[in-house]
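S.K.: below are the sequence and a predicted model; questions follow.
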Amino acid sequence: MRTDTNFSFLDYIIKWCYPGMRIKRWFLTTVLGIFIVALGVIFAVSEFTFVTIAGFVIILCGVALVVLGIIKMIISLITLFLPERERDLVNILYQRRYLERGPKVVAIGGGHGLSNLLFGLKSYTSNLTAIVTVADSGGSSGRLREEFNIVAPGDIRNCLVALADAPALMGELFQFRFAKDSQLQGHNFGNLFLTAMVQLTGGDFEKAVKESSKVLAIRGKVVPSTISNVHLVAEYEDGTWTEGEAKIPQRGKHIRRLYLKPEATRPTQDALEAIANADVIIFGPGSLYTSIIPNLIINGMTEALEQSHAYKIYVCNVMTQPGETDDYAASDHLKALMKHTTSRIVDACLLNDAIVPSGALEKYRQENSYPVAADVDVIKALGCRVIAADLLGVDNFIRHDADKLTKILIDLIEAQRVIKR
């Protein structure tokens, strides 16, 4: 009499024998190879030289069949879990084995500058953590914040897509923006997805980001700098104030200092752990006052950065930003970072020293945006190492060339790893 357990096991075996499983043929090939190897061993121990040589040839043929059968079985199983990606097997193994031995890099900021940086660095190490600002108050993110009382998802979404290892269509889906003639006009699918995930996880934004990371199969981690629904407040040089990240640059005044509301904001535990374990920490590139500094003025963040033994690099912007860094040289960017944190916040400053073509500057002049002056001597006097190089990329926009920036950062990181050894 068969028990339920015996029946389940038998049913399990029968399913493996179904046609089209692409397992049986390679299992039988492996068994045949083992049989041939055994037969070859019998011949190899013969007293006759000719038979012995034939035995070794038979053994080699058997080993070849065993290897072929095992490899094909593995590929069949991989194809089962990664449809149409069996050709990516080498890349998957490279990512899991080689990249996981890379340095622990933490990138802090937001906006398109941070996502472009991550896109380049993910081919160098998978030990990559993006600590992302959640103070955005404009566009789709701002509307979702007001309606659902969540932290801004926009910069988080950009970083998730930048680190995605999923098919390109998934990244395009997360970046898809609904047309203006729709009730969802201006909203981004990725923002809506993150908002829905927050609702499904009971309002846990950190968990929502982690689950979204699985959907996109990202390399590394994306963590919000805080899960408090913070708003950015700017005090200008003339003593006036403005609240709201999107409104701050609109006043066209020099910023004296930034604050967060509420003041009792704390960083996420994942952010603190990433900083504590980092080999290298990179600030920027990105908007100085609305993407980078908002992460650094969270209570406890400056202390965590001071205690970290990581090598800290600030990547200065190529162009000034109207309403934020008007008339700023590179040293002014660095002084603003130090003013909001500490003089020991940066070890090295990475600057662009290439001349921007005059033809590309016309559109920027109309917006009152100009190249950031690389005042190397002033930065050195502040106690920072300076790396000035051609980082310029000019297409429709003037910004860092992703390949140039990645190469120089990797060289700099590798040099520090050699020194530490």
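M.R.: That came through, no problem. Numbering: from 1, shown residues only.

S.K.: distance from the lengthiest helix in the chain to the middle of the chain?
M.R.: Using DSSP state H to define each element, the chain has its longest helix at helix 49-81. Averaged C-alpha coordinates place helix 49-81 at 41 Å from its chain's average position (Cα atoms, centre = their mean, to the nearest Å).

S.K.: check which residues of that helix are buried.
M.R.: Gly55, Ile58, Ile59, Gly62, Leu65, Val66, Gly69, Lys72, Met73, Ser76 (16 or more other Cβ atoms under 10 Å). Heads up, the C-betas are built off the backbone N, CA and C, glycines and all.

S.K.: what do you get for stretch 221-229?
M.R.: Neighbour counts over stretch 221-229 (16+ other Cβ under 10 Å) mark Lys221, Val222, Val223, Pro224, Ser225, Thr226, Ile227, Ser228, Asn229 as buried.

S.K.: again with stretch 192-205
M.R.: Residues of stretch 192-205 classed as buried under the neighbour-count rule (16+ other Cβ under 10 Å) are Leu192, Phe193, Leu194, Thr195, Met197, Val198, Phe205.

S.K.: repeat that for stretch 146-159.
M.R.: Buried, per 16+ other Cβ under 10 Å, within stretch 146-159: Ile150, Val151, Ala152, Pro153, Gly154, Asp155, Ile156, Arg157, Asn158, Cys159.

S.K.: which outside residues touch it?
M.R.: 110-112, 114-115, 118, 130, 132-137, 139-142, 144-145, 174-175, 188, 190-191, 194-195, 198-199, 203, 205, 209, 222, 224, 226-230, 291 (Cβ atoms under 8 Å, 6 or more residues apart in numbering).

S.K.: so is Ser212 in a helix, a strand, or just coil?
M.R.: Of the three states, Ser212 takes helix according to DSSP: H, G, I helix; E, B strand; the rest coil.

S.K.: relative to Arg385, how far out is Pro371?
M.R.: Distance of Pro371 to Arg385, given as Cβ to Cβ, to the nearest Å: 22 Å.

S.K.: which one's more surrounded, these two?
M.R.: Neighbour count, other Cβ atoms under 10 Å: between Pro371 and Arg385, Pro371 has more, with 17 against 14.

S.K.: mind listing what the more buried one touches?
M.R.: Val318, Met319, Thr320, Asn352, Ile355, Val356, Leu361, Ile398.

S.K.: need the residues you listed in TSV (columns: secondary structure and distance to Tyr236).
M.R.: Formatted as TSV, the contacts of Pro371 follow (DSSP: H, G, I helix; E, B strand; the rest coil; distance: Cβ to Cβ, whole Å):
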residue	secondary structure	distance to Tyr236
Val318	coil	25
Met319	strand	21
Thr320	coil	17
Asn352	strand	28
Ile355	coil	32
Val356	coil	28
Leu361	helix	27
Ile398	strand	27
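
S.K.: neighbour-wise, which one of those residues leads?
M.R.: Going by other Cβ under 10 Å, Asn352 tops the contacts of Pro371 with 28 neighbours.

S.K.: ok, and the closest non-adjacent residue to that residue?
M.R.: Closest residue to Asn352 apart from its sequence neighbours, by Cβ to Cβ, 6 or more residues apart in numbering: Leu391 at 4.1 Å.

S.K.: go on, Phe56?
M.R.: Phe56's closest residue in space is Ala44 (Cβ to Cβ, 6+ apart), at 5.6 Å.

S.K.: okay, now that neighbour: neighbour count?
M.R.: Neighbours of Ala44 using other Cβ under 10 Å come to 16.

S.K.: ok, now Ile419?
M.R.: Ile419 has 8 neighbouring residues, counting by other Cβ under 10 Å.

S.K.: same for the host helix or strand of it, what does it pack against?
M.R.: Assigned by DSSP states H and E, Ile419 belongs to helix 402-420. When contacts are defined as 3 or more Cβ pairs under 8 Å, 6 or more residues apart in numbering; DSSP states H and E, helix 402-420 sits against helix 111-121, strand 280-283, strand 311-315, strand 348-352, strand 385-389, strand 392-394.
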